[in-house]
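Peer 1: What follows is a predicted protein model with its sequence.
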Amino acid sequence: MSTKPATHSEVRILTVLFLTALASLLLAACIGSVAISPADLLKAASEFMQGAPASLHVTLIELRLQRALGAMVTGASLSLAGVLMQALLRNPLADPYVLGISGGAAVGALSALLCCELLWMMNLAAFGGAVLVAGLLFLLAYKDFRGTGTAEGSATTLLLTGVIISSGCMALITLLLSLSPDSRLRSMVFWMIGDLSAAGSSPFAWLVLLGVLIYVSSMARAINISVLYADSAATLGVSLGRLRKALFFCAALLTASAVANAGAIGFVGLIMPHACRYAWGPDHRLLLPASVLAGGSFLVLADTLARTLIAPQQLPVGVITALVGVPVFLLQLHAHRQHQGH
């Protein structure tokens, strides 16, 4: 599959987004209940490089950066999963949670929280639940991943199957919440809303993100064809069945990784692909990496706001992304309709 070299405009866009991501990490390291000035930040970095005993500033920066990197990889994974899900379903309203994969993760995580409060077991159970639901969805909608039939019909069947599975997962979630003791109910609700207080910069999450990004970037031209000319993709040299399977499993893996790391954080995978598509167009050769950088930066900034808005008390970051995401998405939708009207 031939690829087009990046243009100067695309390089500039990605450079600006990369610098924005770095700036968001530095901002997250400096802002908190104890503020750190840029001078103190440079001093702490110098102490760390020289191997000096850890001061208060060094400890704070390490803790904040670890959380910020967790937010970065989670936001980037959700945003990339949103792009892939929208391409798979050919539906701009699709997001990483639309097929019920997050519901499977929630059932697994809440089951682990109900039995014990070990973080590693909760993360493992969440990832396992997401993978289990993804496998079930694939088996139930196998024919729609073979590239047979019309693209619209396959997307509709897959979407309906996902909605039914999601409804079943929500019933199990309600049952688990009703059975949980009061001592664990708060932590379970926080996890469902989306919370980064216990999230870390998991090497596995970064490996999943980078591996999927490299893989799907190599298929960017095929994704463009599947979105624009799905019913004639075979004549253009694209195996639609193989591409659908790849998009589904990549999106499922990203969603499982993100939800296991930080809970069900909403709106990132919906509004960030839309914002990037609106700003720079639908070409997935640019849209894929741009969404990764923009989604990661957005969640880092949202989490910084969540832990400083009413400090020392912290808000679930999912509340911030929803409060920001609803008006932003409505504005994007209004602007899109006005553009279509002209």
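Peer 2: It's in.
Peer 1: Which SSE is immediately downstream of the helix or strand of the chain with the lowest mean pLDDT?
Peer 2: When the helices and strands of the chain are scored by mean pLDDT, DSSP states H and E, helix 38-50 comes last with a mean of 72. Along the chain past helix 38-50, the next helix or strand (assigned with DSSP states H and E) turns out to be helix 56-89.
Peer 1: Low-confidence regions, the stretch 101-250 of the chain specifically.
Peer 2: 117-119, 142-154, 198-201, 229-237 (pLDDT under 70).
Peer 1: Swap in 80 and give it another go.
Peer 2: Regions of the stretch 101-250 of the chain meeting the criterion pLDDT under 80 cover residues 116-120, 122, 141-157, 183, 187, 190-191, 193-195, 197-202, 228-239.
Peer 1: isn't Pro282 right up against Ile225?
Peer 2: No: proximity of Pro282 to Ile225 does not meet the contact threshold set by CB atoms under 8 Å, at 11.9 Å. (Each C-beta comes from the backbone N, C-alpha and C, glycine too.)
Peer 1: Which one's more surrounded, these two?
Peer 2: Applying other CB atoms under 10 Å to Pro282 and Ile225 shows that Ile225 carries more neighbours, namely 21 against 16.
Peer 1: so who does the nearest residue to Leu27 once chain neighbours are set aside touch?
Peer 2: With CB to CB, 6 or more residues apart in numbering as the measure, Thr304 is the residue that lies nearest to Leu27, at 6.3 Å, once sequence neighbours are left out. Neighbouring residues of Thr304 by CB atoms under 8 Å, 6 or more residues apart in numbering: Ser24, Leu27, Ala28, Ile31, Ala68.
Peer 1: same check, this time on Gly100
Peer 2: The contact partners of Gly100, taken as CB under 8 Å, 6+ apart, are Val133, Leu137, Gly162, Val163, Ile164, Ile165, Ser166, Ser167, Gly168, Cys169.
Peer 1: For the fifth one, give me phi and psi.
Peer 2: Dihedral angles of Ile164 (phi, psi; degrees, to the nearest 10) stand at phi -70, psi -40.
Peer 1: For it, which non-adjacent residue is closest in space?
Peer 2: Sequence neighbours aside, Gly100 is the residue nearest to Ile164 in space, at 8.0 Å (criterion: CB to CB, 6+ apart).
Peer 1: And that neighbour, what's its pLDDT?
Peer 2: pLDDT, Gly100: 86.
Peer 1: tell me how far stretch 75-82 is from the chain's mean position?
Peer 2: Taking CA atoms, centre = their mean, to the nearest Å, one finds the center of stretch 75-82 at 3 Å from the center of the full chain.
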